[in-house]
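Asks: My questions are about this predicted structure, shown below with the sequence.
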Amino acid sequence: MAPGREPAGKLFLTQFTGNFRCRVPGYEFAKLSENADFGPGCFLLFFTLSILRRIDAASHLFHRLPDTADGMAVFEKFETMTTTTRENRLFYIDNLRIFCIALVVLHHLSITYGASGDWMYVEGKPDSLLAQVSLILFTATNQAFFMGLLFFVSTLFITTSYNRKGPGMFLRDRLIRLGIPTLAYYFLLGPFTAYIGYWFTSEDTDLLSFGHFLNEGWGRGFGPMWFVETLILFTFVYVLFRILKKSGLKRSEVAESMPEIWKIAVFVICLGLCTGIVRTWYPVDRWLPHLHLQLAHFPQYIAMMIAGVVAWQRGWLDSLSLRQGIGWFGFANLFILIFFPLLFIGGGAASGVQEPFMGGWHWQNFGYSLYEQIVGISLMLGLLGLFRGLFNGQGKLIKAMSDSTYTVYIIHAIPILIVSWSFRDWQFPLLAKFAVLSLPTLMVSFLLGWLIRKLPLASKVI
């Protein structure tokens with residue numbers, strides 16, 4: 001390409017904080033990120049599970065409700081059924097991970113169809129008030145809990161692995177499983193994903209080659225691998241902690257009860273206050289240069305990683321009942337129903353004033369930070385109880401999906417781009433388009449993840 005010539009498709013790329021931005025006529029690439037301007041629609045839980053119930057009906061994923069009209073007997077029956085072997089109890093964690101990864105995919109798909117946030121391909125803004133409120137509520141609720149819950153389950157069994165392998169082998173295995181995919185994404189998959197988006201959206205006939213993208217370093221960045229990058233950092237901190245501590249960490253022989261509600265409430269309030277303070281310096285949507293970390297959400301992420309270690313050591317989840325899960329999940333939904341409208345209407349978000357919610361010394365920032373943690377922790381506890389009581393088994397299909405979750409997380413941008421671009425000419429309202437294409441996008445994502453793991457040596461890493 002001649003010096004000074006503008007790249008095909010009016011491509012503008014920047015290396016700032018490892019992200020890229022590209023504009024083409026009518027569309028915009030934005031920095032690859034896990035963030036939305038507001039942080040699942042909880043109704044999606046039972047929609048997703050109803051689909052899984054039908055396609056995996058022959059498996060043991062779902063416990064059957066006993067035929068009784070006595071509600072308390074139902075709870076007692078479920079709590080008895082979940083007191084099984086340690087191996088069986090692990091299934092609900094794997095199934096919960098599937099659910100969270102599916103939400104990650106749908107979160108970014110929703111941005112394609114008008115939700116607040118940055119994504120590589122956006123078709124437009126919400127075309128109705130219903131669409132705007134629905135998409136904001138969906139992404140805001142997602143952001144409140146789904147990545148924190150993924151951090152929790154990612155560290156839940158880290159102590160078991162360390163105790164079995166020792167510091168050297170533990171660190172080596174973690175770096176292989178976490179480090180190799182991160183480097184592969186930064187230098188190859190990130191640019192490839194950017195190139196797919198460029199190829200789809202460019203209206204020029206003189207398209208740049210993928211080799212040109214690689215040579216110029218365009219599209220390099222951690223993108224969604226910020227999550228894995230954070231786990232690598234936590235791994236080093238954890239190994240250092242264990243070496244300095246010297247005495248080993250062992251699991252309690254008798255599981256302790258879940259902390260009392262007042263202790264959870266104090267924890268949530270402190271977490272909300274800490275989050276609000278952090279956001280006075282690092283508001284939502286400000287990324288740490290080069291590392292591509294959004295510190296506005298890190299108080300919860302750090303707390304959840306530590307909570308995963310402590311929960312395993314004290315056996316908290318063994319005492320988490322279905323009754324408690326339903327209670328927490330119901331409370332979270334009721335809290336959203338009441339306080340989401342009050343907070344955002346009272347704070348001016350309905351009239352387009354969103355900046356005070358993102359950070360700074362504003363009451364909206366501290367109010368939203370506290371709201372986010374109340375909703376997030378309640379949903380995490382609720383989902384852990386619900387999945388432990390109701391979805392504590394796997395058939396072949398769910399097992400294959402479980403094995404592919406890590407791969408799906410790494411490559412999910414590509415299926416989203418392919419599906420959304422393939423149906424770009426559908427003349428549907430954006431909210432309806434998001435609803436219709438959600439299931440096909442999930443199917444393509446998990447199928448592609450499953451196929452990639454069939455490649456030689458791939459399953460040993462991802």
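Replies: Nice, I can see it.
Asks: Where does pLDDT dip in the chain?
Replies: 1-89, 205 (pLDDT under 70).
Asks: Let me see the ranges of the strands in it.
Replies: 22-24, 27-29 (DSSP state E).
Asks: Skipping adjacent residues, who's closest to residue 298 in space?
Replies: Nearest residue to residue 298 in three dimensions, chain neighbours excluded: residue 278, at 7.1 Å (CB to CB, 6 or more residues apart in numbering). To be clear about C-beta, it is placed using only N, CA and C from the backbone, and glycine gets the same treatment.
Asks: give the contact list for the one you found.
Replies: Residue 278 makes contact with 295, 296, 298, 299, according to CB atoms under 8 Å, 6 or more residues apart in numbering.
Asks: Can you report how many residues neighbour the closest residue to residue 296 other than its chain neighbours?
Replies: Closest residue to residue 296 apart from its sequence neighbours, by CB to CB, 6+ apart: residue 284 at 4.5 Å. Neighbour count of residue 284, defined by other CB atoms under 10 Å: 24.
Asks: Report the separation between residue 145 and residue 176.
Replies: From residue 145 across to residue 176, the span is 29 Å (CB to CB, to the nearest Å).
Asks: the more surrounded of the two?
Replies: In this view residue 145 and residue 176 are compared by other CB under 10 Å, and residue 145 has more residues nearby, 29 against 12.
Asks: Hmm, that one is touching residue 380, no?
Replies: Yes: the criterion here is CB atoms under 8 Å, and residue 145 meets it with residue 380 at 5.4 Å.
Asks: And for residue 395, the neighbour number?
Replies: Considering only other CB under 10 Å, residue 395 is surrounded by 16 other residues.
Asks: for residue 161, same thing?
Replies: Residue 161: 12 surrounding residues under other CB under 10 Å.
Asks: That one and residue 312: what is the separation?
Replies: Noted for residue 161: a distance of 11 Å to residue 312, by CB to CB.
Asks: tell me how far the ends of stretch 399-414 are from each other?
Replies: From its first residue to its last, stretch 399-414 covers 23 Å (CA to CA, to the nearest Å).
Asks: Flag every buried residue along that stretch.
Replies: 401-402, 404-414 (16 or more other CB atoms under 10 Å).
Asks: Equivalent analysis for stretch 418-430, please.
Replies: Applying a neighbour-count criterion of 16+ other CB under 10 Å, the buried positions in stretch 418-430 are 418, 419, 420, 421, 430.
Asks: which residues are contacting it?
Replies: The contact list for stretch 418-430, computed with CB under 8 Å, 6+ apart, reads 109, 112-114, 121, 123-124, 126-128, 131, 196, 200-201, 433, 436-437, 440-441, 444.
Asks: got the CA coordinates for that stretch in CSV?
Replies: Provided in CSV are the C-alpha atoms of stretch 418-430 (Å, rounded to 0.1, in the frame of the first residue of the first chain):
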residue,chain,number,x,y,z
ILE,A,418,-21.1,-14.8,11.6
VAL,A,419,-24.7,-15.1,12.7
SER,A,420,-25.5,-11.4,13.0
TRP,A,421,-24.0,-10.6,9.7
SER,A,422,-25.7,-13.5,8.0
PHE,A,423,-29.1,-12.1,9.1
ARG,A,424,-28.3,-8.4,8.6
ASP,A,425,-31.0,-8.0,6.0
TRP,A,426,-33.8,-9.3,8.2
GLN,A,427,-36.3,-6.5,8.6
PHE,A,428,-37.2,-7.3,12.2
PRO,A,429,-37.3,-4.9,15.2
LEU,A,430,-33.9,-5.2,16.9
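Asks: which residues of the stretch 251-400 of the chain fall in helices?
Replies: Ranges of helices in the stretch 251-400 of the chain, per DSSP state H, counting those that start in this stretch, are 261-281, 298-314, 322-346, 355-358, 363-390, 396-403.
Asks: With adjacent residues omitted, what lies nearest to residue 257?
Replies: Residue 257 sits nearest to residue 319 (CB to CB, 6+ apart), 5.0 Å away.
Asks: Can you get me a residue count around that neighbour?
Replies: Here the number of neighbours of residue 319 (other CB under 10 Å) works out to 13.
Asks: How about the contacts made by it?
Replies: Residues counted as contacts of residue 319 (CB under 8 Å, 6+ apart) are 255, 256, 257, 258.
Asks: hmm, 6 Å instead?
Replies: Listed by CB atoms under 6 Å, 6 or more residues apart in numbering, the contact partners of residue 319 are 255, 257, 258.
Asks: export the residues you listed to a markdown table and tack on neighbour count?
Replies: Formatted as a markdown table, the contacts of residue 319 follow (neighbours: other CB atoms under 10 Å):
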| residue | neighbour count |
| --- | --- |
| 255 | 14 |
| 257 | 11 |
| 258 | 21 |
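Asks: of these, closest to residue 101?
Replies: Residue 101 lies nearest to residue 258 out of those, by CB to CB, at 25.6 Å.
Asks: What about that closest one? Give its phi and psi, please.
Replies: Main-chain torsions, residue 258, degrees, to the nearest 10: phi -60, psi 150.
Asks: Ok, residue 457 next?
Replies: phi 70, psi -10.
Asks: Could you do residue 254 as well?
Replies: Backbone geometry at residue 254, expressed as degrees, to the nearest 10, gives phi -110, psi 120.
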